[in-house]
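Q: next come a sequence and a model predicted from it.
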Amino acid sequence: MNNLPSGWFTEEFQNEGTAFSLKIKEKLHDEKSEYQHIEIYSTETFGNLMVIDGCVMLTERDNFLYHEMMTHPALFTHANPEKVVVIGGGDCGTLKEVLKHPGVKEAWQVEIDELVTRMAERYFPDLCSSNQDPRANFFFGDGIKWMSDVVPGSIDVIIVDSTDPVGPAEGLFAVDFYRNCMLALKEGGILVQQSESPLLHSKTIIKSVHQDMKKAGFDQVHTLPFPQPVYPTGWWSATMASKQKPLTCFREEDAQQKPFVTQYYNKDIHRGALAVPEFMKVDLDLD
């Protein structure tokens, strides 16, 4: 729900009986693409805000939490990530974080809605600051189809930076898609999927992600919670999967000595995010 006459943008989560609001200065853009309705607002305290189909996607103030945690844990868990693919992520923030890793030789952003990227270039230019990197490649089209056509064993890390599992993103939370990802990964490859709120979705979405990834052939699956103020409950998660590689071990020395700047991620944050809350162990049937 959008209560702009009161000067506030409010996203209501009817099923959970909660809501999140940001005070708005003005609406900057309003446009419908072939796939969704995109709005851009200027807020009083969180900078620019992107809203898709009435749901908060990102703000300038806190997007670094999500983009860093969707990226660096997986890349520092992999032994030597050289080719990385981002499915979704049209705002380019995840791609920017991927390209901070000097060992990455090739990165792809596969986004179904080109308008998201064009809006990000205009209203969130910092997120798009690496778009001209020669290692960056863009494909605007169906990520599910793109992944099904990938050469087997050709990718080191796949990051599924999707919206909620509805509409165009629904097929990104499915066994067949995860199976195609598994086939596309090289030996030692890692898949990471944004997996919603631990507090609201550990018994439903996160549990289904674990089950479906394992059905697809991933032996190792692990969920990392992290803060995200503008998303439901302010607590979000990323779920990593691999064929055999343990996901609770990572290149700690490399993370400690990372040759780039982050605002949230570091070695200790990574280690701490691997801890699983007791209720999630129960909800996910973990030992």
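A: Received, thanks.
Q: so what does residue 38 look like in phi/psi?
A: phi -110, psi 130 (degrees, to the nearest 10).
Q: return the per-residue confidence for residue 13.
A: On pLDDT, residue 13 comes in at 87.
Q: from residue 233, how far off is it?
A: For residue 13, the distance to residue 233 (CB to CB, to the nearest Å) stands at 9 Å. Heads up, the C-betas are built off the backbone N, CA and C, glycines and all.
Q: again with residue 285
A: Distance from residue 285 to residue 233, counting by CB to CB: 22 Å.
Q: these two: who's more crowded?
A: Neighbour totals were compared for residue 285 and residue 233, and residue 233 leads with 18 against 9 (other CB atoms under 10 Å).
Q: is it correct that residue 51 is in contact with residue 57?
A: Yes. Contact criterion CB atoms under 8 Å: residue 51 and residue 57 qualify, at 6.4 Å.
Q: domain parsing of the protein, as residue ranges.
A: 4-59, 63-281 (automatic domain parsing).
Q: end to end, how far does the last one reach?
A: Using CA to CA, to the nearest Å, the gap from the first to the last residue of domain 63-281 comes to 28 Å.
Q: hey, what's residue 240 bridged with?
A: Beta bridges link residue 240 to residue 192, residue 222, judged by DSSP bridges.
Q: what about it, how many neighbours?
A: 26.
Q: could you list which residues are in contact with it?
A: 73, 74, 77, 190, 191, 192, 220, 221, 222, 223, 224, 247 (CB atoms under 8 Å, 6 or more residues apart in numbering).
Q: just the buried ones among those residues, please.
A: Among those, those classed as buried by 16 or more other CB atoms under 10 Å are 73, 74, 77, 190, 191, 192, 220, 221, 222, 223, 224, 247.
Q: list phi and psi for the last one.
A: Going back to what we said before, that points to residue 247. phi -100, psi 0.
Q: secondary structure element holding residue 50?
A: Using DSSP states H and E, residue 50 sits within strand 48-52.
Q: Provide the strand pairings for that strand, with the direction of each partner.
A: Here strand 48-52 is paired, per DSSP bridges, with strand 37-43 (antiparallel), strand 55-59 (antiparallel).
Q: so what's the gap between the first one and the chain middle?
A: What it means is strand 37-43. Counting by CA atoms, centre = their mean, to the nearest Å, strand 37-43 is centred 20 Å from the centre of its parent chain.
Q: what of stretch 66-79?
A: For stretch 66-79, the gap between its own C-alpha mean and the chain's C-alpha mean amounts to 10 Å (CA atoms, centre = their mean).
Q: in that stretch, what's buried?
A: Those would be 66-78, for stretch 66-79 by 16+ other CB under 10 Å.
Q: kindly report the same for stretch 189-208.
A: 189-202, 205-208.
Q: which ones among those residues lie within strands?
A: Using DSSP state E, the members of these that fall in strands are 189, 190, 191, 192, 193, 194.
Q: ranking the domains of the chain by burial, who's on top?
A: Highest mean neighbour count among the domains of the chain (mean count of other CB atoms under 10 Å): domain 63-281, with a mean of 19.
Q: since that was my last question, I'll sign off now.
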